[in-house]
Structures are given as C-alpha cells and as structure tokens.
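# Build me a model from this:
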Amino acid sequence: GFSEPGSGSDLASLRTRAVRDGDEYIVDGQKVWTSLGQYADWLFVLVRTDPDADPKHRGITFLLIEADAPGVTVRPITDLRGATPYCEIFFEGVRVPVSNRVGDENRGWYVAMTALGFERAGIGAVVKYEQALHDLVRYLRSDEGRRHTRSDDASYRREIAKRYTEIRVLYNLARYTVSKQEAGEEPGFEASVNQLFSAELHQRLARTGAKAFGRSGALWERG
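Next up, the predicted model:
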C-alpha cells in the first residue's frame, strides 16, 4: 500500500486521500505493485491527510485497511511469465476506523520508514540466494548440465565463486543489521546499504545463471 502509478521512487508525492469524518477516514485512490495483494487479509496503506503539507511527507498518515472492506478492489497484475506476484488496488469511498491508524495523523511517513528499515534488514534474501546458487551448481555438475552448459569454462567457474563470496558478504551485512535490532536499536543507513547490495546481487546472480544456458535460458520455466 505504498507505491502509486504516479508516485514510485517519489513516494512523498502520493495522492491517495483520506478525509476524516468523525471516527472514520474516507479513503479514495489507487495503489500499485502491492506484493501478493490478492492473498492479503489486511493492507497497510499510506494516505494523504494534509494536501497542503510542506514538505509533502509531513502530510501522510499510515492506515491499516481490511482487504475485503466495501470499496476496496484488488486486481492482480500478470507479468511476462504469466505469474501474478503484484496487484493494483483501488479505494473508492472506503471507510476506515480512526482506531486503525498507526501512529499520529500526518506522521505516517516516519512509521513507514521505520517499517521499511526492519524489512530491508532481513536475512531471508541470503537464504534465497544461497539456495539458488546451490541449485545452479548442482545442475552444472549433473550429466545433463555438463552436456548443455558452459560448466567447464574456467572464467565461468570464477564468476560462480564471486557470487558465493558476495552472498557471504550479504550475510554479514544482514547479521550486523539484525544485531542492532536485537540490541533494541532501529536499523538506519545500514539497512539501506543491505537492501541496495542485495538488489544488485540479485541481478548479478540472475545474469550468472542465465549465462550458463545461453539463449536456452529464455525457455526456462519454474518447476
């Protein structure tokens, strides 16, 4: 419930509105790229409650909204693979109790940034990347892999070794960030560094896998 069609990287410019009406907010607007939104029971949604705020991020409130509330429409987005990992969500006159607000009105930006800090500090990506690299190496060592890939190429073997080293670096970045959480501290810049390194490693790991199969990689399907 963060990104919008016109507010991606510039999240503070979001336009989904929430107007207070007694003990409720009335929400109108649209969100997009909501991960697995079709399975959600609840949505956390950033809404604009002060359209005149300057700077803009000071006029945003953080609400919890039930996914099946009247006026909420969830539409899955189909990607090139035919999968539906994201959704667009429409809010039309959705009534949300004020008690569903997290934090103070017009202070939702800070709630969201804290939540994102904890999300970016997660160690789950390390496990996912290690498993992907393990699966790739296991295939390359198989009889089929030796016949159909460049597994004997020395430069390619070095590339796989680099990916393994980078995954261990990511592990240590994540472990450091988690240690701050365990000490009762909120993750700050280190969480952003962790997220950036993880995203770039994800791309490099995908290219390494695709390079093993050449043009045949475009035919791969998830089992």
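
# Mind giving me the packing neighbours of the helix or strand hosting residue 112?
Assigned by DSSP states H and E, residue 112 belongs to helix 108-120. On a contact count with 3 or more C-beta pairs under 8 Å, 6 or more residues apart in numbering; DSSP states H and E, helix 108-120 meets strand 42-48, strand 60-66, helix 189-213. Quick note: C-beta positions are derived from backbone N, CA and C, even for glycine.

# Please enumerate the strands of the chain.
17-21, 24-35, 42-48, 60-66, 72-77, 86-97, 101-102 (DSSP state E).

# could I get the ones you listed as JSON lines with mean neighbour count, distance to residue 183 and mean pLDDT?
Shown next, in JSON lines, are these (neighbours: other C-beta atoms under 10 Å; distance: least, C-beta to C-beta, whole Å; pLDDT from 0 to 100):
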{"stretch": "strand 17-21", "mean neighbour count": "16", "distance to residue 183": "35", "mean pLDDT": "97"}
{"stretch": "strand 24-35", "mean neighbour count": "18", "distance to residue 183": "29", "mean pLDDT": "95"}
{"stretch": "strand 42-48", "mean neighbour count": "22", "distance to residue 183": "26", "mean pLDDT": "96"}
{"stretch": "strand 60-66", "mean neighbour count": "22", "distance to residue 183": "25", "mean pLDDT": "97"}
{"stretch": "strand 72-77", "mean neighbour count": "15", "distance to residue 183": "38", "mean pLDDT": "96"}
{"stretch": "strand 86-97", "mean neighbour count": "18", "distance to residue 183": "35", "mean pLDDT": "97"}
{"stretch": "strand 101-102", "mean neighbour count": "18", "distance to residue 183": "24", "mean pLDDT": "96"}
